[in-house]
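Chemist: return a 3D structure for these sequence lines:
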Amino acid sequence: MNPVRYRIAQDFDQAWLNFELDLPLLPIDLDEPNPFYVSRSDNPLPAITDTLSAPFYNPPKLFLGGHRGNGKSTEAHHLLADGQINEKYWPVYFSIRDEADVIDLDYKDVLLAIGSNLYRQFRVEGGNLTAALAKELELWRGKVEEEITTVLSNKITGVEFGAGLEAFFANASLRMRMEPKTRRIIRQVIASNVNGLLDVINKIVAEIEKIDGRTPLVVIDDLDKTSLKVSKDIFKDHFEVMTQPNCAIVYIISSALFFSKEFDLIREHAYFLPNVILTDPAISKKYDSTGYDTMRRFVTSRMSNKLIEPSALMTAITFSGGVFRELARIIRTAISKSRRRGASQISEADIIWAVDEIRNDFRRILEEEDLKVLKKFDTDHLVQYHERVNPLMQLSALMEYKNSKNWFGVHPIVKGLLHE
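Modeler: Residues are numbered from 1 along each chain as shown. A predicted model of the protein is given here:
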């Protein structure tokens, strides 16, 4: 794997890399943002930072939601690079995709991932448990492994997790992702004593606080990749359990939860990252200059102006709908077209070709009923509950924006399908 080089591309090869859809914008240093980071208006990050900086009796549990691809992960990395946050907190970041199967996710998987990452990072950074705590955690590990082995009744070979807590946490993570049968058994064993796992987590937290002097802050990414049903199970049915760890936590959640009646449980702890506004139906503006400038900086921080015609860049921004990932997808698709025709610059025709290709993807998956619903929202823009809202937002066909009030907009690429 090539190391990521955060530099402005001067050719299509580097530009192709810079617009990779899931490119992580890792901080360079404390209080030094990633060169590709783009500041934006209506960002909830200052409010999240303020909440985390305030005194507390119980470490805060916060929820960050937003449209798929609009920069939640980037803002999470930016948060963890904040000097004020690092002065108060011992930061831990991980993606749930690296710890469990997001298609088949359970609240117990998330708790186990929290404990695993706290312990593994503590050890990687040179931390050593006291003899008494190490013995206590080893007894817990031994009991869990014994129960797992008993339940399996030797039906699955190679069930051993290996000696020691480090091997247990590492192998448990692997099995939660790769082995459905073992995953179910691990969950069954944890469910019989959830308080035991919470006790392990909290004792690791206490040890970190004692040695480091800071409270752990765990940021869990990609929980927005789960279905609404899974999200409800974790954050509605098991809300109390998910707030029991004695560390601060930021859960990055699905925007679908914001359109669920069950969302009331986390509403007062939730923050929503809105999409960038490019047009405003309320005041009939053709375009919002601030929004276009934000999206333009997203491109020019990654790619030299010489690689794209000015009109092509404007067209790409317009069709992105103010979502960073959508703009990256358009640019990357257009780069592919430009390369094949031997050009040194992305033309407006390349962008239109890319838009048509992406529109064809939507054409394959949107049903007639979806198009009817999208036509309605394209006319009135009212944010209101509809059974098709969540799946359409998951597909990025429908987008939410916020200025003086929240409103819906149809993905500009999808608009071309509404009157075919």
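
Chemist: contact partners of the helix or strand of the chain with the lowest mean pLDDT?
Modeler: None of the helices or strands of the chain scores lower by mean pLDDT, DSSP states H and E than helix 165-178, at a mean of 78. Contacting residues not belonging to helix 165-178 are listed as 98-101, 109, 112-113, 115-116, 119-120, 123, 134, 137-138, 141, 144-145, 161-162, 182-183, 186 [C-beta atoms under 8 Å, 6 or more residues apart in numbering]. The C-beta positions use only the backbone N, C-alpha and C, and glycine is treated the same way.

Chemist: that one: what's the following helix or strand?
Modeler: Remark: after helix 165-178, the chain's next helix or strand is helix 180-191, criterion DSSP states H and E.

Chemist: what would I type in ChimeraX if I wanted to highlight the buried members of the contacts of helix 165-178 and nothing else?
Modeler: Buried residues within those, by 16 or more other C-beta atoms under 10 Å, are selected in ChimeraX with:
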select :99,100,101,109,112,113,115,116,119,120,137,141,144,145,161,182,183,186
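
Chemist: the least confident helix or strand of the chain vs helix 180-191, what angle?
Modeler: On the basis of axes from the mean of the first three to the mean of the last three C-alpha atoms, to 10 degrees, helix 165-178 is oriented at 120 degrees to helix 180-191.

Chemist: what's around residue 17, how many residues?
Modeler: For residue 17, the count of nearby residues is 16 (other C-beta atoms under 10 Å).

Chemist: check which helix or strand covers it.
Modeler: Taking DSSP H and E as the definition, residue 17 sits inside helix 12-18.

Chemist: who does the helix or strand following that helix touch, helix- and strand-wise?
Modeler: Where DSSP H and E defines the elements, the next helix or strand beyond helix 12-18 is helix 45-53. Contacts defined by 3 or more C-beta pairs under 8 Å, 6 or more residues apart in numbering; DSSP states H and E place helix 45-53 against strand 61-66, helix 72-80, helix 83-88.

Chemist: contacting residues around the second one?
Modeler: Under the contact criterion C-beta under 8 Å, 6+ apart, helix 72-80 has outside partners 24-27, 33-34, 37, 43, 45, 48-49, 64-66, 85-86, 91, 93, 217, 219, 221-222, 224, 250, 252, 273, 324.

Chemist: return the members of the residues you listed classed as buried.
Modeler: 25, 27, 33-34, 37, 45, 48, 64-66, 85-86, 91, 93, 217, 219, 221-222, 224, 250, 252, 273, 324.

Chemist: re the thing from before, roughly how far out does the helix holding residue 17 sit from the chain middle?
Modeler: 23 Å (C-alpha atoms, centre = their mean, to the nearest Å).

Chemist: residue 399 contacts residue 321, doesn't it?
Modeler: Yes: counting by C-beta atoms under 8 Å, residue 399 does reach residue 321; the two are 5.3 Å apart.

Chemist: neighbour count winner among these two?
Modeler: Taking neighbours as other C-beta under 10 Å, residue 399 and residue 321 compare with residue 321 leading, 28 against 25.

Chemist: go ahead and confirm that one touches residue 291.
Modeler: No: contact criterion C-beta under 8 Å: residue 321 and residue 291 do not qualify, at 10.4 Å.
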